[in-house]
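Visitor: Sequence first, then the predicted structure, then my questions.
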Amino acid sequence: MQILEGADVTKHIFVTGGVVSSLGKGLTASSIGNLLKARGIRVTMQKLDPYLNVDPGTMNPFEHGEVFVTDDGGETDLDLGHYERFTDESLTQASNTTTGSVYSSVIAKERRGEYLGKTVQVIPHITNEIKERISNLANDDVDVVITEVGGTVGDIEILPFLEAIRQYRLDVGRQNVCYVHVTLVPFIGPAGELKTKPTQHSVTELRSRGIQPDVIVCRSDREIPDGLRDKISNLCDVPIEGIVTAPDASSLYEIPLRMHSGGLDSYVCRLLGIGAEEADLEDWRSLVRRVEHAWKPLRIGIVGKYVTLPDAYLSVAEALRHAAFAHDVDLEIDWIMSDHVEGMLVEEQLGHLDGVVLPGGFGDRGIEGKVAAATYTRENGIPCLGLCLGMQTMTIEYARNVMGLHGAHSSEFDGQDSVTPHPVIDLMESQRSVENKGGTMRLGAYVAVLSEGSQVAELYGRSVIQERHRHRYEFNPRYKSQFERSGFRCSGVSPDGKLVEFIELPGHPFWIGTQAHPELKSRPNRPAPLFDALIVAALDRAESIDPARFDAARPAGREITISLE
């Protein structure tokens with residue numbers, strides 16, 4: 001990449017949104033990062049969130065979706081998962097800033113006397129803190145910092161962020177900042193028309209805050225004709241090249257290609273004075289072709305506590321899809337409430353599945369359903385992958401039903417009137433004295449040593465690996481030898497041998513659990529090994545049981561439905 005003469009090295013792109021939430025600001029920002037990286041530009045990304053929580057770690061998954069965890073232990077917004085998957089860059093906790101963390105930092109500085117007795121105000125102290133968070137990501141290893149501002153223009157809580165990014169252009173120079181605004185162009189059925197008025201009002205609101213967008217990304221359920229693009233261009237004072245249409249896509253991985261075909265990355269590079277090579281998108285095009293041509297029917301169930309909001313398991317679902325892409329699988333995900341998988345309902349809920357994932361979670365609701373699912377998959381040879389709490393419930397199930405440890409459970413779920421006689425999942429001794437339970441969490445990347453000859457060692461292709469964690473309770477090491485004598489294998493441990501990181505059941509097609517969250521490091525072109533192996537095992541089982549199902553689905557040849565050029 002070449003920065004044209006007269007421009008500073010680090011460039012900044014700010015992505016805002018208007019009219020309504022959930023338009024796809026995160027995917028737009030991720031797609032821009034994807035396209036710039038395909039041009040040889042070094043990028044990093046950041047999310048500015050307006051909520052008062054210091055981080056999303058204490059939020060109910062029904063409220064905010066999944067908590068994405070970075071290598072350095074940051075509990076962050078789920079959009080960072082999109083950022084990592086689209087750019088294949090590992091981000092840090094510095095890539096997520098909330099109103100709560102900003103105010104917490106400013107108040108702490110005021111208490112320490114760092115403001116020298118001045119009256120602490122939103123401007124300049126809060127806005128300066130926000131700008132400092134943005135600047136911290138700009139270093140010699142980064143050419144472009146892409147920052148998404150959460151919320152919607154017009155929301156009172158995002159005003160300090162808008163003021164901060166407005167000031168930022170003045171601080172670093174106009175040639176070093178690009179504003180991208182994502183807005184809605186709805187189709188009104190009775191009128192049979194697309195309407196630009198919401199976009200006009202949204203841009204007017206943004207301009208009232210001192211920000212003139214350089215690019216407008218128009219979200220709609222269909223293509224927007226050139227005549228409407230001209231209208232938006234004229235009324236919003238943005239060149240026609242900066243009006244990018246973003247109709248609904250059948251796969252989110254199509255979005256960068258659609259934006260590239262609209263010239264978004266070329267226009268942004270010109271605005272920022274970046275002389276970059278042409279985007280090399282062949283690998284991404286190949287990925288989308290695989291998505292479009294997938295034909296092998298496969299049903300995987302996610303048996304979880306929060307499935308009524310699929311975003312609560314966003315990275316799990318995407319990791320399954322990544323593995324499916326690699327094997328031409330037309331994946332159907334069944335979202336199954338763990339509360340409903342008990343007693344006579346187990347066969348009804350799980351009997352039609354080719355594989356099962358038991359994802360993570362906290363609290364005792366639905367635990368017995370997860371245990372029942374673990375039993376059903378173990379007894380019926382159904383491939384099953386347990387993640388964090390899922391691995392723990394597999395351990396509990398095996399202890400009760402194979403080892404005969406009646407009442408085996410996790411001490412996390414001990415009630416006031418009953419304590420499990422066999423806490424096969426428990427707090428470590430070093431954690432018991434910590435009064436603040438948040439301080440006992442294992443967060444971020446941890447190393448595991450895999451047992452020679454184990455299934456997981458074969459799947460990873462090496463004996464020392466690193467995966468991300470987010471949990472408090474552990475496999476109780478006091479029971480480890482007892483488990484292993486029964487045929488259960490603890491196939492991965494921490495380097496000091498004290499913590500069990502992976503379990504597996506020899507002789508079963510695929511019954512593997514991990515204390516980690518490998519879904520967080522899965523990539524569209526590089527699926528996480530355990531998810532890849534789950535799909536392979538599920539395919540093998542499904543094809544052996546019902547080959548006619550695959551013969552019926554086998555295509556004579558299907559053309560891709562979008563232009564990838």
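Guide: It's in.
Visitor: what's the residue closest to the geometric middle of this protein?
Guide: The geometric centre of the chain, computed from its C-alpha atoms, lies nearest to residue 81 (CA atoms, centre = their mean), at 2.9 Å.
Visitor: And it, how far from residue 146?
Guide: Separation of residue 81 from residue 146 (CB to CB, to the nearest Å) stands at 15 Å. C-beta: built from backbone N, CA, C; applies to glycine.
Visitor: Pretty sure residue 456 sits against residue 450.
Guide: Yes. Residue 456 sits in contact with residue 450 when judged by CB atoms under 8 Å, with a separation of 5.3 Å.
Visitor: what do these two both touch?
Guide: With contacts defined as CB atoms under 8 Å, 6 or more residues apart in numbering, the residues adjacent to both residue 456 and residue 450 are 491-492, 502.
Visitor: Now tabulate the residues you listed in JSON lines and tack on neighbour count.
Guide: Converted to JSON lines, the shared contacts of residue 456 and residue 450 look like this (neighbours: other CB atoms under 10 Å):
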{"residue": "491", "neighbour count": "27"}
{"residue": "492", "neighbour count": "27"}
{"residue": "502", "neighbour count": "29"}
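Visitor: And these, which is closest to residue 262?
Guide: For those, the closest approach to residue 262 (CB to CB) belongs to residue 502, at 44.7 Å.
Visitor: For the closest one, name its beta-bridge partners.
Guide: Each beta-bridge partner of residue 502 is listed here: residue 492, residue 514, as defined by DSSP bridges.
Visitor: check contacts around it.
Guide: Contact criterion CB under 8 Å, 6+ apart gives 448, 450, 454, 456, 490-493, 512-515 as the residues in contact with residue 502.
Visitor: can you put those residues in a markdown table and add pLDDT and distance to residue 198?
Guide: Shown next, in a markdown table, are these (pLDDT from 0 to 100; distance: CB to CB, whole Å):
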| residue | pLDDT | distance to residue 198 |
| --- | --- | --- |
| 448 | 98 | 50 |
| 450 | 98 | 53 |
| 454 | 97 | 56 |
| 456 | 98 | 51 |
| 490 | 97 | 56 |
| 491 | 97 | 54 |
| 492 | 97 | 52 |
| 493 | 97 | 56 |
| 512 | 98 | 48 |
| 513 | 98 | 48 |
| 514 | 98 | 45 |
| 515 | 97 | 47 |
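Visitor: Tell me the one of those nearest residue 248?
Guide: Relative to residue 248, the closest of the contacts of residue 502 is residue 514; by CB to CB it sits at 35.1 Å.
Visitor: For residue 340, see how far away that closest one is.
Guide: Shown here: residue 514 relative to residue 340, a distance of 25 Å by CB to CB.
Visitor: More neighbours: which of those two?
Guide: When neighbours are counted by other CB atoms under 10 Å, residue 514 and residue 340 differ, and residue 514 comes out ahead with 24 against 15.
Visitor: For the nearest residue to residue 363 once chain neighbours are set aside, list the residues it contacts.
Guide: Beyond its immediate neighbours in the sequence, the residue positioned closest to residue 363 (CB to CB, 6 or more residues apart in numbering) is residue 305, lying 7.3 Å away. Shown here is residue 305, whose contacts under the criterion CB under 8 Å, 6+ apart are 61, 337-339, 361, 363, 365-366.
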